[in-house]
Every structure is written in structure tokens, then in C-alpha cells.
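Chemist: could you work out the structure for the sequence below:
(chains A and B)
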Amino acid sequence: MGLEHSLETTASQSPLSLRRRNQSRFREAVIQQLLTLCALVSIFTTIGIVAMLIWQSAGFFSKVSPLEFFTGTKWTPLFQPQHFGILPLVAGTLLTAGIAILIALPIGLASAVYLSEYARDKVRRVVKPSLEILAGIPTVVYGYFALTFVTPVLRNVFPNMIVFNALSAGLVMGVMIIPMVSSLSEDAMVAVPRSLRDAAYGLGATRLEVATRVVIPAAVSGIVSACIMALSRAVGETMIVAIAAGSTPKLTLNPLESIQTMTAYIVQISLGETPHGTVEYYTIFAVALLLFAMTMLMNLFSQWFVRRYREKY
Amino acid sequence: MKNGDVFRQRLKVRHIKEGVHRNLMLLATLTGIVVLTVLIIDILRDSAGWLDWQFITSYPSRHPAEAGLLSALFGTLWIMVLTALFSLPIGIGTAIYLEEYAPDNRLQRIIQTNINNLAGVPSIVYGLLGLSFFVQALALGRSILAGALTLTLMSLPVIIIAAQEAIRSVPESHRLGAYALGATQWQVVRNIVLPTALPGILTGTILAMSRAIGEAAPVIAISALVYLTFIPSTPLDRFTVLPIQIFNWVSRPQEDFQHLAAAGIIVLLLVLLSMNAAAIILRNRYQKRTEE
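Modeler: Reported below is the predicted structural model:
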């Protein structure tokens, strides 16, 4: 208080420094406003996405009943007779994402355990960045790999497999999300305190027993949330499935068949010459609305889960 | 004695299990690296003989032997520069606001949760936002500008989160020292926080930019498939980018186009690689300077 007071009086005695102080106060205020404006961009982005999806799909739902959309089992908006049942696209999406997570969960989890419990520092310093490279490869590259390498290899095993199929796309997508599962799970495992491990070792446990009975249970909230986030990424992934999984919406769980995912459908319409304002054009916004809702729910759930079930030490 | 035998027997089994699982886990860890190696070898093999100067300097063509990716390469460069120009100031500004200015209240928590959620929104949804808002509502057309603005919105969450982490790692004592000398809040941010956090911010930003450069889905929604035989000269020109050109070639049934796609992938990976190398060099240079 006293110091401030004396500063105040010195300032008022010298007009030059007073002016400078006012200028600097003004500048501080302007900068703060500008920074707040930057932060608001993200709020407006969310509002923009939600408003755009609802507004544009209103054009769709004014012509097609939500009941048909959510329960119909045929998706043929581009030819007569038109059917607008989203279930085949949802099935295709869940099929490829399911295959991906079946690959990424065991491999990602095992490598997380290896990196956090077994690997020496030197190994970790080489392996971790290489896994990051996997996450940085553009998805068209994965799509190319799925179509021109994985599919021909798999067709030697399954001769009746279609060229465009859910299996290759799902497998490659699984490889793409391994780094996500492994690095997020590893973070959760590294956060488990050393004392818990030492206690188990003190009782004569092997490394494997420590990992499976102490570390994984203690880190389970982080691991589950990592898997849900990876699943959400797989559901929203676009180019791999657009290139390798086909464009025939089909309500099937057979991974050897050609299917279509929600994202691949949006790409198909975006590429074509569907005129604006038609119901066919508005379908992509209805599909995107459902896609957005699905991924958003998964992300919120994973954040909630980690908060709710985090073990505190 | 009998109990001891049982224990010894079980211990043996436990040790075998331990060894087996250890190797399985090592195998799992190496899976990613093996796939990466196979992928790169596959692409190098497929592109052999197709990646030459003619390929870099030609426009797309119906004849595979004459086709190239000049327009896509320039489209990608345009998008890269403009997206960086838009997303860097906004991203760093948001991070500074959240870490240094925002009071710990509801608004701050809402913004933070919102950013985490935006990071999980599928890229194709950003594409539709760009199509409805930038292309149609703001009447920018299917232009470079619309594409760059869309990719800006998409990469902002990643940049913000990386910048926040970098800013958070600046020791509190540095800030307090500057405040004690009478610095204003902005002076502290500009002279103390930003220089120290810059290497981390740059690395995060360049990683986000390379993700944006590799994305095809949102750009397809903005630009659709175009057959461009000119180099875009203003931000309002139509454009195409490397990933879309590659996608275009992959989707054709003729085998020669697959080779073109592989050659295009090599170019795309080289662009990304040089960006990441730039990130590492910049980081090392700044790190040295701040340590001195």
C-alpha cells in the first residue's frame, strides 16, 4: 500500500512518466482484449459447427422423417427408389472402427507396458519417436498402403474377398491409432507411483505380475479413456476408408465385404456434382451431424471417465 | 518340503510366463516400426522410375507418362503459408490468454473444455463447416483462402494445447522476478514467457501444420476434385493440394496411376520431413539462445 502510494505521488509529480504510465495501461488493456478475442475464436468455432450442422440438416429432415433416418436399413439416396436409412453407414463405420480397435488395443497396450515397465531409457528414446512418426503419416498414405499392399496380401488368404473391403481398411486404421493408444496409456502407467510397484516386488512378484496386477489396474482410468479416444478417432477417420473400404452401403458385419462408412459417404458426395439445395446434397449434413454427435459423446465420456475413476495417490 | 516343491514348480511356470510375455510385448512394440518400414519400402518400390523432374514440373494429365503434380505442390505451399499466418497468432494468443490472463473461473474452464473437444472433432466436419461458412456464406468460393481458413480452425486446438504446455513449463520464479522489477503483465509475457516457451511452441505448431498439410478430407469438401493446369497466383484462385492429387490417382483403376500416386506420396512425405527437420533446427537454435 505504502509503496504504491509513493509511486503514485512521484508519478503525479512528473508529467512525462505519468503519460507513459497511462500509455502503458492503455496498451495492457488493448492487449488483454485482443488475447480474449483470440480465445473466443474457439468458442465461435464450436457454435459455428453446431449451428451449421443443425441448420443444414434441417433442410434434410424437412423432407425425410428422423424415424426413417435412424431406423431405416437401406441407404440409397443417389438412385431410385431413394431410401434414407443411416444404419448401413453406421454399421460400416462401426465395423472398420471395431477392427481397428481390436488391433490397436492389444498392441498399443502391450507396447505401453513394455515401454513403461521393461524398456531401458535408451530403447525408449528410440522407440517412442518412431511410434510418433506412425501418427504423423498422412491418412491418404495409409489408404494407398491398405489398397495396394494389404488387400493383395489378404486376398491370398481369403480368395473370395472383395477388392474394396472393411478388413484392410480396419487393419491399417488400427496401425494408425496404435501410437495414440500406446502413448496415452503409457502416460497413465508412468503416473502410477513407484512405491506401489516396489511393494509388489517386495512380495516376490515378477515384472509381468506387477504390470498386470498393480500397474494396469491403477492406471485403468487413463487406459480406458485412451481407448475411447482412439475409437473416436477411428470413427471420424476418412481417407483410409474412402480409398480402401468401398462405396457400397451395406448392413453387414462381414469384414470381407465392400461397405461404406459415414465419412466415406460425405467424401463421395463432396467429390460428385450433386447440386446444392437438393435432398441428396443435404444428406451429408445429416450424416455429419450424427458423426459429430457420436465422436463428441465419446470424447466427453472419455474425459468424464478419467475424472471420475482416477486413482489419487 | 512338499509345499516348497509346489512353490518351486509354480515359480518356474511364473518365470516362463514372464519370459514369454516379455518377448510378446517387445514384438508388439516393434509391430508399428515393422509396418512403417514395410510401408516405406512398398512406396519406394512402387514409385521407382516415376519420380523425376518431369513429374515435379508437369500439370496433371490423362496420360500417366506426362502427368505431374506442379499445381498440387504449389497449392500445398500456398495453404501451408496462409494457414501458418492465420493460426499462429490466434493459437499463441489463445494459449497466452488461458495461461497468463484468464481468471480461474467458469469461462476459462468452458474455453478449455471446448478446445479439448474441438481437438477430437473429425476433420471432415471442419470441411463441411468451411464449405457452408467460408465457401458459401462468406462467398469466398472454392478458393485457397477458404481452404486455409478451414485448416486454420482445424489446427488451432492442437496449436493451442501445445503452446499451453510450453508456456506452463516456464518457471514461475522467472515471472515473479520480472514483476518484482516493475514489469507489466504484457512485458513479462513478451520478454520472459514467450522467449522461453518459443521452442516448445514452434515444435507444436510445426507438428500441427504438418498434420494440416497431410489432411485431404476437409480440403476435398472445400475444393472438390479439380483438374488444374495453372499455378494459383492469388489467394482467391481455385486450388488443389498434394493429398487430393494422390487420392485422385489412387482412385483410378489403371496401374500406371498407382505408380503416380506412390511418387506423389514420396513428394508429400519429403515436404513433411523437411518441415519437421526445420522444427528440430529451429528448436535447437532457440534453445541455445535462451540458455545463454
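Chemist: what sits closest to residue B:259 if chain neighbours are left out?
Modeler: Once flanking residues are discounted, residue B:259 sits nearest to residue B:50: 4.6 Å by C-beta to C-beta, 6 or more residues apart in numbering or on different chains. C-beta coordinates here come from the backbone N, C-alpha and C atoms, glycine included.
Chemist: residue B:214 now?
Modeler: Sequence neighbours aside, residue A:138 is the residue nearest to residue B:214 in space, at 3.0 Å (criterion: C-beta to C-beta, 6+ apart).
Chemist: tell me, how many residues neighbour the one you found?
Modeler: The number of residues packed near residue A:138 is 22, by other C-beta atoms under 10 Å in any protein chain shown.
Chemist: contacting residues for it?
Modeler: The neighbourhood of residue A:138, defined by C-beta atoms under 8 Å, 6 or more residues apart in numbering or on different chains, consists of A:239, B:213, B:214, B:215, B:216, B:243, B:268, B:272.
Chemist: among these, name the buried ones.
Modeler: A:239, B:213, B:214, B:215, B:216, B:243, B:268, B:272 (16 or more other C-beta atoms under 10 Å in any protein chain shown).
Chemist: in stretch A:80-97, which residues are buried?
Modeler: Buried, per 16+ other C-beta under 10 Å, within stretch A:80-97: A:83-97.
Chemist: quick revisit: ramachandran coordinates for the residue nearest to residue B:214?
Modeler: For residue A:138, the backbone dihedrals (degrees, to the nearest 10) come out as phi -60, psi 150.
Chemist: can you tell me the element residue 23 falls in?
Modeler: Let's take chain A. Under the criterion of DSSP states H and E, residue A:23 resides in helix A:15-61.
Chemist: sorry, I should have been clearer: chain B.
Modeler: Assigned by DSSP H and E, residue B:23 falls within helix B:2-47.
Chemist: okay, buried residues for the helix or strand that contains residue B:205 please.
Modeler: Using DSSP H and E, residue B:205 sits in helix B:194-214. Neighbour-count burial for helix B:194-214, counted by 16+ other C-beta under 10 Å, picks out B:194, B:196-214.
Chemist: next: stretch B:263-283.
Modeler: B:263-269, B:271-272, B:276, B:279, B:282-283.
Chemist: cool, stretch B:40-48 as well?
Modeler: Here stretch B:40-48 shows B:40, B:42, B:43, B:46, B:47 as buried, counting by 16+ other C-beta under 10 Å.
Chemist: contacts for the next helix or strand after the helix holding residue B:205 next, please.
Modeler: Once helix B:194-214 ends, the next helix or strand along the chain (criterion: DSSP H and E) is helix B:217-223. Residues outside helix B:217-223 that contact it (C-beta under 8 Å, 6+ apart) are A:139, A:238-239, A:242, A:263, A:266-267, A:270-271, B:79, B:122-124, B:126-128, B:130-131, B:134-135, B:142, B:146-147, B:150-151, B:154, B:238-241, B:243-244, B:247.
Chemist: cool, and stretch B:160-171?
Modeler: A:42, B:91-92, B:94-96, B:98-100, B:115-116, B:119, B:192-193, B:196-201, B:203-205, B:207-208.
Chemist: quick check: the residue nearest the centre of chain B vs chain A, distance?
Modeler: The structure's chain B has its C-alpha centroid closest to residue B:211; by C-alpha atoms, centre = their mean the separation is 2.1 Å. Counting by C-beta to the nearest C-beta, to the nearest Å, the gap between residue B:211 and chain A amounts to 7 Å.
Chemist: please give me every residue in contact with that residue.
Modeler: Taking C-beta under 8 Å, 6+ apart, one finds A:136, B:155, B:158 in contact with residue B:211.
Chemist: which non-adjacent residue is nearest residue B:282?
Modeler: residue B:202 (5.2 Å).
Chemist: that neighbour reaches residue B:279, doesn't it?
Modeler: Yes - between residue B:202 and residue B:279 there is a contact at 6.3 Å, judged by C-beta atoms under 8 Å.
Chemist: got a list of what residue B:191 touches?
Modeler: Neighbours of residue B:191 in contact, by C-beta under 8 Å, 6+ apart: B:178, B:183.
Chemist: residue contacts, residue A:72?
Modeler: Per C-beta under 8 Å, 6+ apart, neighbours of residue A:72: A:83, A:84, A:85, A:86, A:87.
Chemist: nearest to chain B among the residues you listed?
Modeler: residue A:86 (15.7 Å; C-beta to the nearest C-beta).
Chemist: look up how far residue A:92 lies from the closest one.
Modeler: Distance, residue A:86 to residue A:92, using C-beta to C-beta, to the nearest Å: 10 Å.
Chemist: now swap in residue A:101 and tell me
Modeler: Counting by C-beta to C-beta - residue A:101 and residue A:92 are separated by 15 Å.
Chemist: contacting residues around the strand or helix carrying residue A:70?
Modeler: Residue A:70 is part of helix A:66-71, with elements assigned from DSSP H and E. When contacts are defined by C-beta under 8 Å, 6+ apart, helix A:66-71 is touched by residues A:60, A:61, A:83, A:84, A:85, A:86, A:87, A:286.
Chemist: now with 7 Å, please.
Modeler: A:84, A:85, A:86, A:286 (C-beta atoms under 7 Å, 6 or more residues apart in numbering or on different chains).
Chemist: likewise for stretch A:36-55?
Modeler: By C-beta under 7 Å, 6+ apart, stretch A:36-55 touches A:285, A:288-289, A:292, B:90, B:93-94, B:97-98, B:111, B:114-115, B:118, B:121, B:125, B:128-129, B:132-133, B:153, B:156.
Chemist: sitting in helices, which of the residues you listed do you find?
Modeler: Secondary structure from DSSP state H places A:285, A:288-289, A:292, B:90, B:93-94, B:111, B:114-115, B:118, B:125, B:128-129, B:153, B:156 of those in helices.
Chemist: just the buried subset of those, please.
Modeler: A:285, A:288-289, A:292, B:90, B:93-94, B:111, B:114-115, B:118, B:125, B:128-129, B:153, B:156.
Chemist: return the nearest residue of the stretch 151-292 of chain B with respect to chain A.
Modeler: In the stretch 151-292 of chain B, the residue that lies nearest chain A is residue B:214 (3.0 Å; C-beta to the nearest C-beta).
Chemist: thought that residue was touching residue B:241?
Modeler: No - in this structure residue B:214 lies outside contact range of residue B:241 using C-beta atoms under 7 Å: 9.5 Å.
Chemist: give the next helix or strand downstream of the helix or strand that residue A:234 is a member of.
Modeler: Take DSSP H and E as the rule and residue A:234 turns out to sit in helix A:220-236. Proceeding N to C from helix A:220-236, the next assigned helix or strand is helix A:239-244, under DSSP H and E.
Chemist: CA atoms only: put that next one into PDB for me.
Modeler: Provided in PDB are the C-alpha atoms of helix A:239-244 (Å, rounded to 0.1, in the frame of the first residue of the first chain):
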ATOM      1  CA  MET A 239      -9.300 -41.100 -46.200                       C
ATOM      2  CA  ILE A 240      -8.300 -44.700 -45.400                       C
ATOM      3  CA  VAL A 241     -11.900 -45.900 -45.700                       C
ATOM      4  CA  ALA A 242     -12.700 -43.600 -48.600                       C
ATOM      5  CA  ILE A 243      -9.800 -45.300 -50.500                       C
ATOM      6  CA  ALA A 244      -9.900 -48.900 -49.400                       C
END
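Chemist: which parts of that helix are buried?
Modeler: A:239, A:240, A:241, A:242, A:243, A:244.
Chemist: same thing with stretch A:112-120?
Modeler: A:112, A:113, A:114, A:115, A:116, A:117, A:118, A:119.
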